[in-house]
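> got a structure for you, letters missing:
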């Protein structure tokens, strides 16, 4: 708590890094001037310890020696214990203070800003080695841009180069444009790498949610089966067994369908990984439940006789295998389920249409039937007399 009774606001990493950069600039000025008695060095050391304590260890840093500017990459402490099955969560962040250096070089400033935006996306989506690789790659681009300022800073920004010969000024401008074009291509390569790795990471997160959902359904089905068999044997009938079988087989079919689409050559299965890991995991969690519902619904349709198909006979597990395969296909293929549901729908709609056909005349009275008189038999017809007219030539 502060002295006025209000809770002090914790400073962010950006604020701490800005103070650290200014402290480093004062230390550099003290070393160049040879005065100060190490006061700036002590201040810089204190700011560095505070920054690494609150934000994380500095993995890479580039300090500008001419102006108070720098870019740095920090890696925080692991979240939780080491997990051998997945990458340990560590916060990798990119920090930049370059406004004193970029000046009115808008193209380079925009490129540095695009690097920051890509770093935000990477930090929210990727984890582990792929995150560190991508963040270090982005850091190298910003480091290269800041190093360019170190090489040409003696000439000043473009609007301050009026004293230079036209040829030299034009050459520096072309060099700056070539640098921006080359680093934009490099940033595009980084983004392409990020999208490829992020797509794979999103699939893994989605499948992890599906596995959790399938295991939950299997656990519930097993629990219900044991409960009925032990505490309520009268309820453990053939129908209940087939229902539990179809629920589990439908969930397994949904899981297998997604895995097969992921391994296909065309890669037809895609997810938007920037939705966030928790939302992707929840979306995957729902998929086995949909498959289980389809499996149970198909069992009901076949049992009710709404599907004109030949059901396997009892004995030697024929019906068990039949319903298991049909429920698995219902969860595996939405097209297969649509055909079954469509056939049942047409059958029900046709029966209802025949039963509810309206034969009234619109005023509640039976519609009058009109009959067409029957045509007389051929022998009853009056023969037409032959014509007596003749043509004489």
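That came through, no problem. Just so it is clear, the structure is predicted and the values come from calculations on it, not from any experiment. Residues are numbered from 1 along each chain as shown.
> where does residue 64 land on pLDDT?
With respect to pLDDT, residue 64 scores 85.
> what residues are up against it?
Residues near residue 64 by C-beta atoms under 8 Å, 6 or more residues apart in numbering: 70, 98, 101, 146, 149, 150. Placement of C-beta: from N, CA and C, glycine included.
> can I get the buried part of those as one ChimeraX selection?
Selection command for ChimeraX covering only the buried members of the contacts of residue 64, criterion 16 or more other C-beta atoms under 10 Å:
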select :70,98,101,146,149,150
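> so which of the contacts of residue 64 is the closest to residue 176?
Nearest to residue 176 among the contacts of residue 64 is residue 149, at 9.9 Å by C-beta to C-beta.
> grab the nearest non-local neighbour of the closest one.
Setting aside the residues directly before and after it, residue 149 is nearest to residue 101 in space (C-beta to C-beta, 6 or more residues apart in numbering), at 4.9 Å.
> quick check: which element contains the one you found?
Under the criterion of DSSP states H and E, residue 101 resides in helix 99-102.
> show me what that helix is packed against.
With contacts taken as 3 or more C-beta pairs under 8 Å, 6 or more residues apart in numbering; DSSP states H and E, helix 99-102 sits against helix 106-125, helix 128-152.
> quick one: mean pLDDT for the first one?
Just to be clear, that refers to helix 106-125. Confidence for helix 106-125, expressed as mean pLDDT, is 90.
> ok, residues contacting it?
The contact list for helix 106-125 (C-beta under 8 Å, 6+ apart) reads 91-94, 96, 98, 102, 131, 134-135, 138, 141-142, 145, 148, 176-177, 179-180, 183-184, 187, 190-191, 194, 198, 201-202, 273-274, 276-277.
> next, the angle from it to helix 128-152.
160 degrees (axes from the mean of the first three to the mean of the last three C-alpha atoms, to 10 degrees).
> flag every buried residue along helix 106-125.
108, 109, 111, 112, 114, 115, 118, 119, 121, 122, 123, 125.
> the helix ranked longest in the chain packs against which elements?
Ranked by residue count under DSSP state H, the longest helix found in the chain is helix 166-231. For helix 166-231, the elements it packs on are helix 106-125, helix 128-152, helix 238-262, helix 277-303, judged by 3+ C-beta pairs under 8 Å, 6+ apart.
> quick one: residues contacting the closest residue to residue 183 other than its chain neighbours.
Spatial nearest neighbour of residue 183, chain neighbours left out: residue 141 (5.4 Å); criterion: C-beta to C-beta, 6+ apart. Residues in contact with residue 141, defined by C-beta under 8 Å, 6+ apart, are 111, 115, 183, 186, 187, 190.
> so which of these comes closest to residue 263?
Relative to residue 263, the closest of those is residue 190; by C-beta to C-beta it sits at 27.2 Å.
> give me the neighbour count for that closest one.
By other C-beta atoms under 10 Å, 21 other residues sit near residue 190.
> please verify my assumption that residue 131 contacts residue 92.
Yes. Residue 131 lies in contact with residue 92 (C-beta atoms under 8 Å); the separation is 5.4 Å.
> if we can go back for a sec, and of the helices and strands packed on helix 166-231, who's closest to residue 210?
Nearest of these to residue 210, taken as C-beta to C-beta: helix 277-303 at 4.2 Å.
> in the following helix or strand past that closest one, which residues are buried?
Counting by DSSP H and E, the element after helix 277-303 in chain order, helix or strand, is helix 318-332. Residues of helix 318-332 classed as buried: 319, 322, 323, 324, 326, 327, 328, 329, 330, 331, 332 (neighbour count, 16+ other C-beta under 10 Å).
> and the furthest pair within the residues you listed?
Spatial extent of the buried residues of helix 318-332 (C-beta to C-beta) is set by the pair 319 and 332 at 19.9 Å.
> and residue 177, how far from residue 184?
Separation of residue 177 from residue 184 (C-beta to C-beta, to the nearest Å) stands at 11 Å.
> higher neighbour count, those two?
With neighbours defined as other C-beta under 10 Å, residue 177 and residue 184 compare such that residue 184 has more, 15 against 11.
> before we move on, back to that, any idea which of the helices and strands packed on helix 166-231 gets closest to residue 343?
Nearest of the helices and strands packed on helix 166-231 to residue 343, taken as C-beta to C-beta: helix 277-303 at 8.4 Å.
> that closest one packs against which elements?
Against helix 277-303 (3+ C-beta pairs under 8 Å, 6+ apart) you get helix 166-231, helix 238-262, helix 318-332, helix 334-355.
> could I get the helices and strands packed on helix 166-231 as TSV with distance to residue 346?
Putting these into TSV (distance: least, C-beta to C-beta, whole Å) gives the following:
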stretch	distance to residue 346
helix 106-125	46
helix 128-152	50
helix 238-262	23
helix 277-303	12
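> ok, which of those helices comes nearest residue 27?
Residue 27 lies closest to helix 128-152 among these, at 17.3 Å (C-beta to C-beta).
> generate a ChimeraX selection restricted to the buried subset of the contacts of helix 106-125.
To isolate the buried members of those in ChimeraX, using 16+ other C-beta under 10 Å:
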select :92,93,94,96,98,102,131,134,135,138,141,142,145,148,176,179,180,183,187,190,191,194,198,201,202,273,277
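> break the chain down into its structural domains.
With domains defined by automatic domain parsing, the chain comprises 13-201, 205-350.
> ok now the last one, how far from the chain's centre?
For domain 205-350, the gap between its own C-alpha mean and the chain's C-alpha mean amounts to 24 Å (C-alpha atoms, centre = their mean, to the nearest Å).
> report the rounded mean pLDDT for it.
For domain 205-350, mean pLDDT is 84.
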